[in-house]
Structure formats: structure tokens, C-alpha cells
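S.K.: sequence unavailable; structure follows:
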């Protein structure tokens, strides 16, 4: 960061103290918003722990099924819907501490669960009614959500196919992480 500031200020003569101050203010605003989300998620996590929600959720989830694949399908749905309404950081901080323990206890590989979680949250961000990335891209491209969805529709097929592979083909999903871990 210091290097970029020095190059911008000294070499290119584009950075003034006013620009530096405005950048610092924008950075502080962005960082504070993220930190507020993290703090709220931590408080929410503490409340859930005190109320023993993870234990109750684990019992309910394991009461539905003990089959790791079926539990992973349920987790897919939960994370996909969460991704439609929440940004991925918030959804991860709120849901992973509740959903991961019973799934790992039932035999779902934690790495596979992480991969599936991230993929579902990404899919949720691209899906109406509240897919945050849709609104951002539509705004940048200056097109309506309807036009954007029409253009994106063909891409949902390979995305959903990939999700099915990640969910049902455990060995294929974990192949690269296992190679990297060696």
C-alpha cells in the first residue's frame, strides 16, 4: 500500500493529500460496514450458543437423515437460499457454525462441505429475488434484471450440473484438495 501511495504521489503526481484523505475515508466506511457485520454475526453466534441452537439444530437435522449425501443436499438448499438473501460473508458467519458440526458428525467431509457451501452461496448471489450480484451487474451494465436473467439463463445449467457433481461425486470433489495436501 505504501509503495502504491509513493508511486502515485511522487512518480505520477496524481495523488494529492485531498485524494489520500478521501480514499482513507472511503476505506474506513467500507471496513466499518464489514466489521459491523462480523460483530453482529459474532453476537448472533454467541446468542445461538447460549440458547443451544446448534445442538437443537443438529438433533433435528440428524433426525431427518443420517445419510451424508442427503444431509449435504439439505445443506445445499439452506446455503443456496441464504445466498439469495444474504451476502456470502454474513451467511457463512451465521450458518456454518450451526450446519457444519452435525454434517461432519454424520460423515460429510469438511472440505467437501466447504466447497459446496461456497458454491451454493455463489449461486444464491446470482439468483432472484434478492441475488445481490445480479443487482450489481445490472447496475454496472445499465440493463434491467429481466434482460440480465435472460442472458444468464443458459449459464445456470452448467452451474447446477457442477453443483450436482460437487455434491454427489465426493472423490472427484476432493481429488484436487487431496493432491494439494500431499
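M.R.: Sure, I can see it. Model, not experiment: these values are computed from the prediction. Residues are numbered from 1 along each chain as shown.

S.K.: low-confidence stretches in the protein?
M.R.: Along the chain, the parts satisfying pLDDT under 70 run over 1, 9, 11-12, 34, 37.

S.K.: so where do the strands sit in it?
M.R.: For the chain, none of the segments meets the definition of strands by DSSP state E.

S.K.: what distance do you get for the nearest residue to residue 104 once chain neighbours are set aside to residue 135?
M.R.: Excluding the flanking residues, the one nearest residue 104 by CB to CB, 6 or more residues apart in numbering is residue 110, at 5.5 Å. (Glycine included, C-beta is placed from N, CA and C.) Applying CB to CB, to the nearest Å, the value for residue 110 to residue 135 is 32 Å.

S.K.: quick one, helices of the protein?
M.R.: Ranges of helices in the chain, per DSSP state H, are 2-6, 17-50, 53-64, 68-85, 88-105, 110-125, 132-141, 145-168, 170-181.

S.K.: now these in TSV, with mean neighbour count?
M.R.: Converted to TSV, these look like this (neighbours: other CB atoms under 10 Å):
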stretch	mean neighbour count
helix 2-6	9
helix 17-50	11
helix 53-64	14
helix 68-85	18
helix 88-105	18
helix 110-125	19
helix 132-141	14
helix 145-168	13
helix 170-181	12
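
S.K.: nearest spatial neighbour of residue 69, skipping sequence neighbours?
M.R.: Among residues not flanking residue 69 along the chain, residue 168 sits closest, at 6.5 Å (CB to CB, 6+ apart).

S.K.: wait, that neighbour touches residue 68, no?
M.R.: No - at 10.9 Å, residue 168 does not count as touching residue 68 under the criterion of CB atoms under 8 Å.

S.K.: measure the residue most central in space within the chain to residue 143 for me?
M.R.: Centroid-nearest residue in the chain: residue 88, 2.8 Å away (criterion: CA atoms, centre = their mean). Using CB to CB, one obtains 23 Å as the distance from residue 88 to residue 143.

S.K.: break this protein into its domains for me.
M.R.: According to automatic domain parsing, the chain comprises the domains 1-38, 52-181.

S.K.: in JSON lines: the ones you listed, plus distance to residue 45.
M.R.: Below are these laid out as JSON lines (distance: least, CB to CB, whole Å):
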{"stretch": "domain 1-38", "distance to residue 45": "10"}
{"stretch": "domain 52-181", "distance to residue 45": "6"}
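
S.K.: out of these, which comes closest to residue 44?
M.R.: domain 52-181 (6.1 Å; CB to CB).
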